[in-house]
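# Provided below for reference: sequence and predicted model.
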Amino acid sequence: MKKHRIMVIGSNVITVQRVSSYCLKQSAEVFPYYGIPSNEEVALFAPEVLVLCLPITNDFSYQIHPYILWSEQFMDKGLPSATTPAELYARLQEVLQA
């Protein structure tokens, strides 16, 4: 069975670790990244989806990959976002099944 590749990106180490653990429960290969990766670093990991732990700087270009925004605060539902592990699992299924 193929494992999905998920890259978790954020500046808060504790949040990235927590979200990475949620993704690991989905039997995925998870690549936590603390800070903002370069396009080359993202390409090296070749993730199928990015999970961006907010806040994230505006200069990071993630539009070329499917992404999910993670925040423990309420967010605009017009974005692919999650605020709980259950929402994250549902969003991952949506993205990875497409």
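Cool, got the structure.

# quick check, pLDDT for M7.
According to the prediction, M7 has pLDDT 96.

# what's the answer for A90, then?
For A90, the model assigns a pLDDT of 93.

# that one - how many residues pack around it?
13 (other CB atoms under 10 Å). In this view, the C-beta of every residue, glycine as well, is placed from N, C-alpha and C.

# so what does it have for phi and psi?
phi -60, psi -40 (degrees, to the nearest 10).

# so what's it up against?
For A90, the contacting residues are A82, by CB atoms under 8 Å, 6 or more residues apart in numbering.

# what of S11?
The neighbours of S11, taking CB under 8 Å, 6+ apart as the test, are 34-36, 53, 55-56.

# max pairwise distance over those: which two?
Y34 and P55 (13.9 Å; CB to CB).

# which of these two has more residues huddled nearby?
Y34 (15 against 11).

# just the endpoints, please. Distance across stretch 65-78?
18 Å (CA to CA, to the nearest Å).

# mean confidence score for it?
80.

# from the chain's centroid, how far away is that stretch?
Computed by CA atoms, centre = their mean, to the nearest Å, the chain-centroid distance of stretch 65-78 equals 9 Å.

# flag every buried residue along that stretch.
Buried residues in stretch 65-78, counted by 16 or more other CB atoms under 10 Å: 65-71, 75.

# and Y67, its phi and psi?
Main-chain torsions, Y67, degrees, to the nearest 10: phi -140, psi 160.

# going forward, count from 606.
That works, and once the first residue is 606, the last one we named lands at Y672.

# is it bridged to anything, and to what?
Note on Y672: beta-bridge partners L655, judged by DSSP bridges.

# is it possible to export the contacts of S616 to a markdown table including secondary structure and pLDDT?
Below are the contacts of S616 laid out as a markdown table (DSSP: H, G, I helix; E, B strand; the rest coil; pLDDT from 0 to 100):
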| residue | secondary structure | pLDDT |
| --- | --- | --- |
| Y639 | strand | 94 |
| G640 | coil | 89 |
| I641 | coil | 87 |
| C658 | strand | 93 |
| P660 | coil | 83 |
| I661 | coil | 77 |
